[in-house]
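Chemist: sequence first, predicted model second:
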Amino acid sequence: MSETPYENFEPVIGLEIHTQLSTRTKLFSRTSYKFGNEPNTNIGVVDTGQPGALPVLNGEAVKKAVLFGLAINAKISRNSRFDRKSYFYPDCPRNFQITQFDEPIIVGGEVTVDGKTYQIEKAHLEDDAGMLKHFSDFAGVDFNRAGVGLIEIVSTPCMRSPKEATAYATAIRAILQYIGTSDGNMEEGSLRIDVNVSVRPKGSTELRNKVEIKNMNSFSNMELAIEAEIRRQVKAYQAHPHMDLDKVVPQSTCRFENGKIIVMRIKESAADYRYFPEPDLPPLVLSEEYIENIRSKLPELPQARYIRYTEKLGLSEYFSSLLVNDKRLSDYFETGLKNCKSAKALCNWVCVEFVGRFKDSGKHLAQSEILPERIAELVNLVEEKAITGRMAKEIADLMVEDPKKTPREIIDANPHFKPMDNTGEIEALVEQVLKENPDSIEKYHAGRDRAFNFLVGQVMKLSKGQAAPHIVQEILKKKLS
């Protein structure tokens with residue numbers, strides 16, 4: 001998939017990210033919510049719009065919103081308010097949504113990814129709608145999700161490719177997870193993205209009509225949808241160069257289905273929703289002391305952790321990104337790091353060896369019974385040359401089979417895991433390998449380093465992986481010189 005599919009046009013992309021707040025109860029009621037519960041069991045009189053039921057703002061939701069605003073260096077509004085957004089749809093039991101249209105709690109903000117800074121216009125609190133479920137010959141509505149607290153994060157139109165949109169969205173999700181505001185689980189709908197796409201001639205600064213693609217629930221699907229919409233708009237402008245731009249690409253709302261953009265309706269304007277101040281909720285007023293108290297609780301953020309991994313621990317950019325973008329794996333690595341002698345080695349064993357062993361099972365390493373301290377112990381044994389790398393891989397397999405056993409317990413129960421460190425025995429193996437590989441000796445003396453590594457490998461193979469590698473290398477160098 002190309003970044004920009006047509007030479008003469010530039011994509012202009014903005015995202016509206018809706019993320020569920022990880023609070024115990026909904027935004028304006030004391031009803032709890034859990035994904036996967038039986039339909040219409042997590043509902044109350046406020047959520048379903050019963051006559052006389054009044055909303056009461058969830059204080060924990062406000063704290064989590066402020067925490068997010070501080071994490072993106074935004075302005076936290078000392079005074080904000082709620083509005084009613086009127087619309088009629090089966091999943092909206094009150095026929096209006098409570099949101100923040102005019103005076104949001106978060107204004108501005110930014111995130112930086114791979115050297116590019118993405119600007120955020122605003123972020124505001126609002127409650128979620130229910131969920132329509134379609135069956136073969138009828139449809140139903142589940143109000144469990146109705147009233148769940150959301151933050152809607154609205155970017156500026158600052159992205160210029162599908163890849164940039166994914167980079168920005170990934171960074172936002174990581175921040176939400178690190179500060180505990182949301183779990184960011186896209187499969188369960190905790191994080192949903194509406195994409196706004198327009199295109200314009202390269203070099204132009206105009207903003208043409210945007211098309212909104214609703215409810216992207218995966219980054220890969222989002223990239224495909226953006227790419228398809230860019231191509232659709234470019235083809236339309238190329239086919240009608242003299243037509244009124246508003247008629248060529250009207251502002252509309254679409255969905256992405258089976259690889260195609262499907263127009264659902266011409267886009268509404270703000271006036272269509274008849275916004276007006278929510279009469280049942282007072283303005284939200286925050287003190288500077290309240291905001292600063294929350295600021296003091298900010299944890300290490302993803303970008304800071306990435307810098308620490310690359311600059312202080314010496315991890316590669318690839319592995320640093322891999323860890324940072326998976327908070328569970330990163331936290332797992334952090335726990336093991338407290339007891340490990342080599343951050344780089346631990347990173348390799350966590351991200352490659354053990355993650356790879358759980359790949360086919362579909363289980364996340366952090367969900368397994370293998371404690372990170374035990375992987376750190378295994379790494380330390382290799383670093384101390386108490387076992388060889390080949391032995392460590394066999395031990396890792398046994399740790400997966402029986403997570404309750406520590407590496408040392410596995411070694412004690414299996415004598416063949418004790419490395420061969422008898423110099424005389426290893427020297428005999430080295431002499432045998434040298435005798436059988438005269439060509440490699442000549443290549444080594446000719447300056448070909450690979451020949452030396454080949455000879456080491458042959459000795460290790462002959463010893464069935466039990467010879468201590470550092471002793472093998474010492475004896476080989478002495479014999480070859």
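Modeler: Cool, got the structure.

Chemist: show me the domain layout of this protein.
Modeler: 9-294, 302-417, 423-480 (automatic domain parsing).

Chemist: let's have those domains in TSV, adding mean neighbour count and mean pLDDT.
Modeler: No exception for glycine: its C-beta is placed from N, CA and C like everyone else's. Converted to TSV, those look like this (neighbours: other CB atoms under 10 Å; pLDDT from 0 to 100):
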stretch	mean neighbour count	mean pLDDT
domain 9-294	17	94
domain 302-417	17	93
domain 423-480	16	78
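
Chemist: tell me the spacing between the residue nearest to residue 102 when sequence neighbours are not counted and residue 275.
Modeler: Of all residues not flanking residue 102 in the chain, residue 83 sits nearest, at 6.2 Å (CB to CB, 6 or more residues apart in numbering). Separation of residue 83 from residue 275 (CB to CB, to the nearest Å) stands at 5 Å.

Chemist: go on, residue 246?
Modeler: Using CB to CB, residue 246 is found at 24 Å from residue 275.

Chemist: how about residue 231?
Modeler: 34 Å.

Chemist: may I ask which helix or strand encompasses the closest residue to residue 400 other than its chain neighbours?
Modeler: Nearest residue to residue 400 in three dimensions, chain neighbours excluded: residue 357, at 5.1 Å (CB to CB, 6+ apart). Under the criterion of DSSP states H and E, residue 357 resides in helix 355-358.

Chemist: residue 323 now?
Modeler: helix 317-324.

Chemist: looking at it, residue 195 is touching residue 225, isn't it?
Modeler: Yes. Look at residue 195 against residue 225 with CB atoms under 8 Å: they come within range, at 6.4 Å.

Chemist: joint contacts of those two?
Modeler: Residues touching both residue 195 and residue 225 (CB atoms under 8 Å, 6 or more residues apart in numbering) are 213, 216.

Chemist: counting contacts, what elements does the helix holding residue 323 pack onto?
Modeler: With contacts defined as 3 or more CB pairs under 8 Å, 6 or more residues apart in numbering; DSSP states H and E, helix 317-324 has these neighbours: helix 302-307, helix 327-337, helix 343-348.

Chemist: isn't residue 467 right up against residue 459?
Modeler: Yes. Contact status for residue 467 versus residue 459: in contact at 6.0 Å, counting by CB under 8 Å.

Chemist: residue contacts, the residue nearest to residue 400?
Modeler: Residue 357 makes contact with 396-397, 400 under the criterion CB under 8 Å, 6+ apart.

Chemist: what of residue 32?
Modeler: Residue 32 makes contact with 24-26, 42, according to CB under 8 Å, 6+ apart.

Chemist: what separates it from residue 24, distance-wise?
Modeler: Counting by CB to CB, the separation of residue 32 from residue 24 is 6 Å.

Chemist: now do the SS call for residue 293.
Modeler: Secondary structure for residue 293, judged by DSSP: H, G, I helix; E, B strand; the rest coil, is helix.

Chemist: residue 67 versus that one, what's the distance?
Modeler: Distance, residue 293 to residue 67, using CB to CB: 11 Å.

Chemist: how about residue 43?
Modeler: 28 Å.

Chemist: repeat for residue 308
Modeler: Look at residue 308 and residue 67: by CB to CB, they are 21 Å apart.

Chemist: ranges for the helices of the stretch 151-300 of the chain?
Modeler: Per DSSP state H, counting those that start in this stretch, the stretch 151-300 of the chain carries helices over the ranges 162-179, 219-239, 245-248, 288-295.

Chemist: turn the ones you listed into TSV, columns for distance to residue 262.
Modeler: Putting those into TSV (distance: least, CB to CB, whole Å) gives the following:
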stretch	distance to residue 262
helix 162-179	19
helix 219-239	10
helix 245-248	18
helix 288-295	42
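
Chemist: which residues touch the most centrally placed residue in the chain?
Modeler: Nearest to the mean C-alpha position of the chain, by CA atoms, centre = their mean, lies residue 325 at 4.5 Å. Listed by CB under 8 Å, 6+ apart, the contact partners of residue 325 are 170, 174, 302.

Chemist: if we go to 10 Å?
Modeler: Taking CB atoms under 10 Å, 6 or more residues apart in numbering as the contact definition, residue 325 lies against 170-171, 173-174, 177, 302, 306.

Chemist: what does the helix or strand harbouring residue 453 contact?
Modeler: Counting by DSSP H and E, the element that carries residue 453 is helix 449-462. Residues from elsewhere that reach helix 449-462, judged by CB under 10 Å, 6+ apart: 388-390, 426, 428-434, 436-437, 439-445, 448, 466-469, 471-473, 475-477, 479-480.

Chemist: run the last query once more with 8 Å
Modeler: So helix 449-462 is contacted by 388, 390, 426, 429-430, 432-434, 436-437, 440-441, 443-444, 467, 469, 472-473, 476-477, 480 (CB under 8 Å, 6+ apart).

Chemist: please verify my assumption that residue 168 contacts residue 114.
Modeler: No. Applying CB under 8 Å, one finds residue 168 not in contact with residue 114, separated by 10.4 Å.

Chemist: I figured residue 16 hits residue 151, correct?
Modeler: No. The criterion here is CB under 8 Å, and residue 16 misses it with residue 151 at 10.9 Å.

Chemist: excluding residues flanking it in the chain, which one is nearest residue 149?
Modeler: Leaving aside its sequence neighbours, residue 149 sits nearest to residue 27 (CB to CB, 6+ apart; 3.5 Å).

Chemist: er, residue 215 actually
Modeler: Counting by CB to CB, 6+ apart, the residue nearest residue 215 is residue 192, at 5.3 Å.

Chemist: how close does the one you found get to residue 131?
Modeler: The gap separating residue 192 from residue 131 is 11 Å, by CB to CB.
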